[in-house]
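> Predicted model and sequence follow; I will ask about them next.
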Amino acid sequence: MNGLESFTNGPESTGETFAHWRNRLIEHLRSAPPIDPGPEGNAQRALVESLRAILIAQIDARLDRLESRTEAIDAVGESLNPPVSDAS
């Protein structure tokens, strides 16, 4: 798999931690090649790059909130099902 295909099923599909998967996704988006603006030139390129930066910031913020919620859900799950100790 290459490109965004490797991100479609989330970190569970690759065995990564959420933080590693998230950082890899954001880096992939940031390293994408520039879009050819066509005959409009630099103004359109600047607009596209600005929109890309906004999109990456939005994705990063949403993934941050998702990671926080996932950690909170995991903490609740662990408190409801504490690990069983092998005290013999």
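Sure, I can see it.
> From Asp74, how far out is Val84?
Distance from Val84 to Asp74, counting by C-beta to C-beta, to the nearest Å: 18 Å. The way it works is simple: take the backbone N, C-alpha and C, and place the C-beta from them, glycine included.
> which of the two has more neighbours?
The residue with more neighbours, out of Val84 and Asp74, is Asp74; 10 against 6, by other C-beta atoms under 10 Å.
> Let me know the secondary structure of the more buried one.
State at Asp74, reduced to three classes by DSSP: H, G, I helix; E, B strand; the rest coil: helix.
> and what of the one 10 residues further on?
Taking three-state DSSP as the rule, one finds Val84 in the coil state.
> Can you point out the buried residues in stretch 53-65?
Neighbour-count burial for stretch 53-65, counted by 16 or more other C-beta atoms under 10 Å, picks out Ile56, Leu63.
> what is the mean pLDDT for it?
For stretch 53-65, mean pLDDT rounds to 88.
> Repeat that for stretch 80-88.
69.
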